[in-house]
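1. Okay, sequence plus prediction incoming.
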Amino acid sequence: MKSRTVLSALVLALAIPAAYAQSTEPEKAAPPDTTAYQEANRIDDPARKIEALEKFKKDFPDSPSVISANVSILATLTSRMPDQTARIQKLAKEIYQGGKDKKEKGSLSAQIAEALLANNVLLKDAEKYAKTSISALNQAQFIADQKAQFAKRSAGRAASHPPTEADLIKRFNQSRASRLATLGRVEFELGKTAEAQKLLDESWSADHDQPGAAATLGEIAAQHGDNVKALDYLVTARLAGHAPPSAMEALVSIYGKTHNGSSAGLNSFLDAEYNKRFPNPVHLDAWRPTAKRTGRLVLAEVFTGSGCPPCAGADLAFDAAMERYSRKDFAVVMYHQHIPRPDPMTNLDTQARAKYYDIHAAPTYFIDGASVKFNGASREGSKSVFEHIQTPIEKELETAAEAKIAVQASASGNAVKVAASVDAVKSESKDLRIQILLLEKELTYSGENGIRFHPMVVRAMGGESDNGFALQSGAPVSVEQAWDLDKVSAGLKSQLDDYEAKGHRGSSFKFIEKNYRIDGGNLAIVVIVEDAKTKHILQSAFVDLNPPAQRVTTGNANEPK
């Protein structure tokens, strides 16, 4: 079997619960042990990371994160030091024995098996741990535990409906399906194809949200010459962002066999399949301006990640918002981050913007510089995200702008030029700045959170050190920014290559794709006037550069439109 370096949820996100944290509070508010654990996990160098995690365990032996620290060490060893098999086996045994009962040992066994499988290390050991994880499951105990957890969460709160027996059974079957999928994938790698097929079929029958199982079932179907079934499974895995290299190769091959020997239309086929299978669950009426509408362009800044599961609901909510409001009323910019997994749309400027806002989690979003205190959600929860952003958006639409912005922007060939003039600034702050952002209006990439189409992706920011331009209140100010798209693309590629070479939080990986080449016919510009101290946005402007050869002029003011 081909070796497959599967991120596999980056080995349970390298056992970093904080990476999935959706709080917008800075980490300094976290308990000391949580802060120490998070800081250790951010270290890229594998030896230093392991040293820091070992120190964390000594400093905080009673921390609930000790087990997660061990799993993170295991992930780092298997991905960066796979030849240290004796050390890996010893640590795996230590993690397993740290479980206080059969149920916890079963959960830990599942994590160990996944870590070993993800890096094709000690697969016979992975098989043993995967089998242990399955045998530890007990439906009656699972349901009783779920009911007890619900009662504990509900204590002292307003009455809420407990999950039904059918819901609990479904949860159990999903948990078991995940462990069956891991064992099935291990057996496939060990060459036990018949056993793998049986386990994976059982997993898939219980839960169709098992992209790892779909990927391997697709490869098995391809081996058996069942191209139609193989294509369906492999497309499922690819759209979920969990197709390993071998499944990707099989997908290209099978598509070609079923489409006149050519794979040229594969991406368009995947686009169509995504639209068919995953329509946005949020449908909104167009917004109608009120009598209080002002000249403010409301700006949403969204920190997201293609490998961030709870970012899916936020991404779709902002997609829906862009359908509800026109670009004269509302604009969105997306700053992609390597949270919790590597994201090929991340760049140094988007990371710098996260530092500016003191962002440590995704999704996080701001409306005109003000934080919206709401967590992320699954695809099914996207409506709840929109309901939390709707009020601040529509409040800002009735709030007077505090500056006028006029923008002239053009794109010709590889050159983008922007001239922005700012006047009528209603602020005495000494920390005002003008930011100019270069966006691609839509990128296509299937990451691990299942979102394929990514709008308004920030590709570069202008000004000295990409940090905008200083603005003094009073007299009008004009600034200019120019980009060479070839140089921007080359810079993005260099950044992705460098990040891949260094590894993600101590673990090696390969990007599925590197979306670095900028399409000159797919661009937009956003200009922001902000108070860099308070983070308040006085006004913004949006320019669509499509088609790129057309010169576009826009302006805004305080008067209602």
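-> Cool, the structure landed.
2. contacts and neighbour counts: CA atoms only from here.
-> Will do.
3. who does the top strand by length along the chain pair up with?
-> Criterion DSSP state E: the longest strand present in the chain is strand 432-444. Using DSSP bridges, strand 432-444 pairs in its sheet with strand 453-461 (antiparallel), strand 469-470 (antiparallel), strand 523-531 (antiparallel).
4. who's in contact with it?
-> For strand 432-444, the surrounding residues in contact (CA atoms under 8 Å, 6 or more residues apart in numbering) are 333, 452-463, 467-473, 481, 518-519, 522-532.
5. again, but for stretch 389-399
-> Residues outside stretch 389-399 that contact it (CA under 8 Å, 6+ apart) are 290, 292-298, 329-330, 367-368, 372.
6. Give me the buried positions along that stretch.
-> By neighbour count with 16 or more other CA atoms under 10 Å, stretch 389-399 contains the buried residues 389, 392, 393, 394, 396, 397, 398, 399.
7. thought residue 381 was touching residue 313?
-> Yes: with contacts counted by CA atoms under 8 Å, residue 381 reaches residue 313, the gap being 5.7 Å.
8. Counting neighbours, go ahead and name the busier of the two.
-> Between residue 381 and residue 313, counted using other CA atoms under 10 Å, the more crowded position is residue 313 (28 against 18).
9. so what's that one up against?
-> Contacts of residue 313 by CA under 8 Å, 6+ apart are 376, 377, 378, 379, 380, 381, 382, 383, 385.
10. Pull up the gap between the most centrally placed residue in the chain and residue 397, please.
-> When CA atoms, centre = their mean is applied to the chain, the residue found nearest the centroid is residue 305 (2.4 Å). Distance, residue 305 to residue 397, by CA to CA, to the nearest Å: 28 Å.
11. Could you pull up the residues touching the residue nearest to residue 198 when sequence neighbours are not counted?
-> Closest residue to residue 198 apart from its sequence neighbours, by CA to CA, 6 or more residues apart in numbering: residue 184 at 7.8 Å. By CA under 8 Å, 6+ apart, residue 184 lies in contact with 195, 196, 197, 198, 199, 200, 213.
12. Mind giving me the PyMOL select for those, buried ones only?
-> Command for PyMOL, covering only those of the contacts of residue 184 found buried under the criterion 16+ other CA under 10 Å:
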select buried, resi 196+197+199+200+213
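13. Could you export the contacts of residue 184 as JSON lines, including pLDDT and secondary structure?
-> Formatted as JSON lines, the contacts of residue 184 follow (pLDDT from 0 to 100; DSSP: H, G, I helix; E, B strand; the rest coil):
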{"residue": "195", "pLDDT": "97", "secondary structure": "helix"}
{"residue": "196", "pLDDT": "97", "secondary structure": "helix"}
{"residue": "197", "pLDDT": "97", "secondary structure": "helix"}
{"residue": "198", "pLDDT": "97", "secondary structure": "helix"}
{"residue": "199", "pLDDT": "97", "secondary structure": "helix"}
{"residue": "200", "pLDDT": "97", "secondary structure": "helix"}
{"residue": "213", "pLDDT": "95", "secondary structure": "helix"}
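14. Tabulate the contacts of residue 184 in TSV, adding columns for distance to residue 433.
-> TSV is the format used below for the contacts of residue 184 (distance: CA to CA, whole Å):
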residue	distance to residue 433
195	62
196	59
197	59
198	61
199	58
200	56
213	50
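15. Considering the contacts of residue 184, which is situated nearest to residue 63?
-> Closest approach between these and residue 63, by CA to CA: residue 213, at 34.2 Å.
16. one step back: out of the strands paired with strand 432-444, nearest to residue 263?
-> Minimum separation from residue 263 across these (CA to CA) falls at strand 453-461, 20.7 Å.
17. What ranges in this protein fall below the confidence cut-off?
-> Residues of the chain meeting the criterion pLDDT under 70: 1-29, 156-160, 547-561.
18. Now rank the contacts of residue 313 by neighbours and give me the top one.
-> residue 376 (27 neighbours).
19. can I assume it is in contact with residue 314?
-> Yes: at 5.8 Å, residue 376 counts as touching residue 314 under the criterion of CA under 8 Å.
20. just to revisit the earlier point, now the buried members of the contacts of stretch 389-399.
-> The neighbour-count test (16+ other CA under 10 Å) marks 293, 294, 295, 296, 297, 298, 329, 330, 367, 368, 372 as buried among the contacts of stretch 389-399.
21. Can you tell me the element residue 422 falls in?
-> For residue 422, the host element (DSSP states H and E) is strand 415-423.
22. what's the closest residue to residue 45 other than its chain neighbours in contact with, if anything?
-> Spatial nearest neighbour of residue 45, chain neighbours left out: residue 506 (5.4 Å); criterion: CA to CA, 6+ apart. When contacts are counted by CA under 8 Å, 6+ apart, residue 506 touches 41, 42, 43, 44, 45, 46, 49, 76, 80.
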